[in-house]
Each structure stands twice: as C-alpha cells, then as structure tokens.
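Engineer: From the sequence below, what's the structure:
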Amino acid sequence: MSTQTAVLKKDITPQGSDYEIVRRAIEKISLDYRDQPSLEELAEEVGETPTGLQKLFTRWAGLSPKAFLQAVTLDHARRLLDSGMPLLETSFELGMSGPGRLHDLFVTHEAMSPGDYKTRGAGLTIRYGYHASPFGTALIMATDRGLAGLAFSDPGEERAAFADMSSRWPNAVYVEDLAATGPYAARIFDPTLWRPDQPLHVVMIGTDFQVRVWEALLQIPMGKARTYSSIAASIGAPSASRAVGAANGANPLSFVVPCHRAIGKSGDLTGYHWGLTRKRAILGWEAGQVSS
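Structural biologist: Sure, this is the predicted structure:
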C-alpha cells in the first residue's frame, strides 16, 4: 500500500474570500437561530457594514441576507421533506411569483466495476489540485475517465482533506496537476457553463449500494430536497434509511453529486461530511441560483 501526502507548492489561502465572511455569518445564524439576528447584528459579527454585507450576500448568493437566512433555517427545511418543495417560495419576499426555471449542473456518470473498487485504487492514477470555490477551497481529483472526487476545506485544512480523500483509494498514485483539475473547477462552480449538451463526466468509485444511492442523489434537482427514507424507497430498499445516510456521508463527489440535498425525516439538515455550516451555505447559494 502506498502512502502519499498532499504537496502544497504555494499558499492557496484565498484573500478577501466572500465565503469566509458568509461562513461566519452562517455560524452566527446557526447559534442564534431563535433570535433571528438582524442584518445589523450579522454585520457587526463579521466586521462589515450592513450595506457592505448586503452587497456581499447579493454578489455571492444572489440573495439578500434576510432571504438567505430563511433558506437555511430549520423551519424552512421542515417544509421540504418528501414533497420536494422548492427551496424558494413566495414567503421569501423576493418579489417574484415562483422560483422560475430551475438550473442545475448536468452530469453523466459511470461506475467502476466491483473488481476495480476492491483493489482500492491499485493501477489508478488520480490527478488532484486545490482551487478556489464559492464554498472555500475545493480539492478536485480526476482520473482519465472523469471527475472522481471533490472535497472542501477551510484555510489550513487542505492536507486533512487530501488525507481523507486519498484514504478511500489508498493504492492509487496521486499526482498534483492543476492543469488537469482546473477545467473541472471552472465548470463545476460557474453556472453559466452548465449546459446539457456539454455534461460533466464523473466516475463513481464505491460499493454497488453506495453507487445506487449516489445515482439517486443525482435525481434531486437544484432547489429541492429529499429525506433519507425517500431516497431509500427510490432505490428499492425502504428499510435502509440508515445505510443510505452512511452512503450519503461517504459520497466522494460533494456538490456534484448533491448529498447536501438529503435531509432528515423531521426536516433537520443533519450532518455533512465537510461541515454543517458549509451545507447551509451550499443550499443558500443554490437558492440564489434558482431565483435567478
């Protein structure tokens, strides 16, 4: 078994990152949920003026802080449940009659054979690179067959993210190659490049059950959510909600395979492998994309 670590050739800590401010604001919202913090309170918490924070949220998510707060609260998540209710509703006071045309990243996929999976990456070369994203630093991993992994990290946690991802396929050879991973980062995080005639190709490396769950996640449109129990039912395993949750948490293709759109039966957002704050951020950002 080969043991490899990430090689950081330069400081990739983003300067002036919108996400860092959004992250701190979301943490304030999460801690003081019952008090519904005002724009002024959020601005003070993150060291911005109310006007500056308003502009930042609009630039980052396409939503006002008020609408964003409503998109990530528990009360709102409870309204999603199995009905797949749109993330944006008229109650968001966005001055629109509905969410408009839905947009999403178009994905085609293939799964590695069980035999290939059991070798734990032996004979596989995985090219990786760190890139800025709307949700912090993204670690992207790709093979000759397509995108194989996408992880997130906050500043200083890049090596931990690499260790997490590479432990899934410990026998693979890892090569840092920004030229190979850069085009993936550009397409994944730029909605103007999401085109059905140019789908993103991904390769799923997991057990048969995991792949079935990940395929089901791909069927959840942006702006909607599903419970673990409804996902379990959709793959013909209605009693396997807990196993579905585990497969959801093991998803190596965060954001692209939208495990963040899976929620608990009560509407609780539950956990997220890369942090619940980031899950809230992604759902809020997607709400902004739907509204546009």
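Engineer: got the residue ranges for the helices in the stretch 1-150 of the chain?
Structural biologist: With DSSP state H, counting those that start in this stretch as the criterion, the stretch 1-150 of the chain has helices at 18-31, 39-46, 50-61, 65-71, 74-78, 114-118.
Engineer: what residues does the third one touch?
Structural biologist: If I follow you right, that is helix 50-61. By C-beta atoms under 8 Å, 6 or more residues apart in numbering, the residues outside helix 50-61 that reach it are 18-19, 21-22, 25, 39-40, 42-43, 46, 48, 63-65, 68, 134, 284-285, 287-288. Every residue, glycine included, has its C-beta placed from N, CA and C.
Engineer: tell me the angle it makes with helix 39-46.
Structural biologist: 80 degrees (axes from the mean of the first three to the mean of the last three C-alpha atoms, to 10 degrees).
Engineer: Now helix 50-61 - C-alpha only, PDB.
Structural biologist: The C-alpha coordinates for helix 50-61 follow below in PDB (Å, rounded to 0.1, in the frame of the first residue of the first chain):
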ATOM      1  CA  PRO A  50     -24.900  46.500   6.900                       C
ATOM      2  CA  THR A  51     -24.700  47.900   3.400                       C
ATOM      3  CA  GLY A  52     -21.400  46.000   2.700                       C
ATOM      4  CA  LEU A  53     -22.800  42.700   4.000                       C
ATOM      5  CA  GLN A  54     -26.000  43.200   1.900                       C
ATOM      6  CA  LYS A  55     -23.900  43.700  -1.200                       C
ATOM      7  CA  LEU A  56     -21.600  40.700  -0.400                       C
ATOM      8  CA  PHE A  57     -24.500  38.300   0.000                       C
ATOM      9  CA  THR A  58     -26.100  39.500  -3.200                       C
ATOM     10  CA  ARG A  59     -22.900  39.100  -5.000                       C
ATOM     11  CA  TRP A  60     -22.100  35.700  -3.600                       C
ATOM     12  CA  ALA A  61     -25.500  34.100  -3.500                       C
END
